[in-house]
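>>> here is a sequence with its predicted model. Questions after.
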Amino acid sequence: MNSQPASLKELQALYSYQFSNPADVDVAKGWMPIFAKLCADVDQTLGQDKLGFHWSQIKEKFGSARFYYRYGSHESGTRLDVWTPQGVQSQQISPKRRVRTEKDRSFQDISRAILQLTDAAQVATKNVCLACGAPGSPDVGEGYVLMLCPEHQARRRQLDSQEGLIDWETLEDENNQGSA
């Protein structure tokens, strides 16, 4: 593949098995390149045995993306996030699973690799504007944290002063509607 998909619909067409319930998947436009790379990396990690993997939920929380998935009968684990003056402190809590066979070991190795990929992608979104993909920093507005570049921070201030709480999608340029 020479270029990464530019939209969620393109990703869903390319990796349809990863999107068994696309209603729970929403990716900010600025984070689409990070998510596209994550989907490609997961696809490569799974190899020929792709059945049983899908994204169960993708969302924004405390200014960065959260990627939750199911692989086989296992969930991606639980994430504990705490907002502090120094930023968000996150901890992934994955259940311990017993290895009984070589197949179990292979499954655990793949699960661990996917967890590392999702963790790296989540960390990458902590420095990228969710609206446009430019370098960003945490912006604490009226009630919640968004990762925004200086331009979109200014736009958020303008919208906050006019309307109160706003959804991050309204920060996008008028020509860039939604995440599809």
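Thanks, I have it.

>>> from here on, contacts and neighbour counts on C-alpha atoms
OK.

>>> quick one: the strands in the protein?
53-61, 64-71, 74-75, 78-84, 87-93, 137-140, 145-148 (DSSP state E).

>>> helix or strand with the lowest mean pLDDT in the protein?
Least confident element among the helices and strands of the chain, by mean pLDDT, DSSP states H and E: strand 78-84 (a mean of 55).

>>> list the contacts of stretch 22-35.
With CA atoms under 8 Å, 6 or more residues apart in numbering as the test, stretch 22-35 has contacts from 4-8, 19, 55-59, 121, 124-125, 128-134, 169, 178-179.

>>> who does the lengthiest helix in the chain touch, helix- and strand-wise?
If each helix of the chain is counted by residues according to DSSP state H, the longest one is helix 102-124. Secondary-structure packing of helix 102-124 (3 or more CA pairs under 8 Å, 6 or more residues apart in numbering; DSSP states H and E): helix 32-46, strand 64-71.

>>> hmm, try it at 6 Å
Judged by 3 or more CA pairs under 6 Å, 6 or more residues apart in numbering; DSSP states H and E, helix 102-124 is in contact with no other helix or strand.

>>> and it, average pLDDT?
For helix 102-124, mean pLDDT is 83.

>>> just the CA coordinates of that helix, formatted as CSV?
Extracted C-alpha coordinates of helix 102-124, given in CSV (Å, rounded to 0.1, in the frame of the first residue of the first chain):
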residue,chain,number,x,y,z
GLU,A,102,1.7,-23.6,22.3
LYS,A,103,-1.4,-22.1,20.6
ASP,A,104,-2.2,-20.3,23.8
ARG,A,105,1.4,-19.0,23.9
SER,A,106,1.1,-17.7,20.3
PHE,A,107,-2.2,-16.1,21.1
GLN,A,108,-0.7,-14.3,24.1
ASP,A,109,2.3,-13.2,22.0
ILE,A,110,0.0,-11.7,19.4
SER,A,111,-2.2,-10.1,22.2
ARG,A,112,0.8,-8.6,23.8
ALA,A,113,2.0,-7.2,20.5
ILE,A,114,-1.4,-5.6,19.7
LEU,A,115,-1.5,-4.1,23.2
GLN,A,116,1.9,-2.5,22.6
LEU,A,117,0.7,-1.2,19.2
THR,A,118,-2.4,0.4,20.7
ASP,A,119,-0.5,1.8,23.6
ALA,A,120,2.0,3.5,21.2
ALA,A,121,-0.8,4.9,19.1
GLN,A,122,-2.6,6.3,22.2
VAL,A,123,0.7,8.0,23.3
ALA,A,124,1.2,9.4,19.8
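
>>> could you check the angle it makes with strand 53-61?
Interaxial angle of helix 102-124 relative to strand 53-61 (axes from the mean of the first three to the mean of the last three CA atoms, to 10 degrees): 30 degrees.

>>> any idea of the angle helix 102-124 forms with strand 64-71?
170 degrees.
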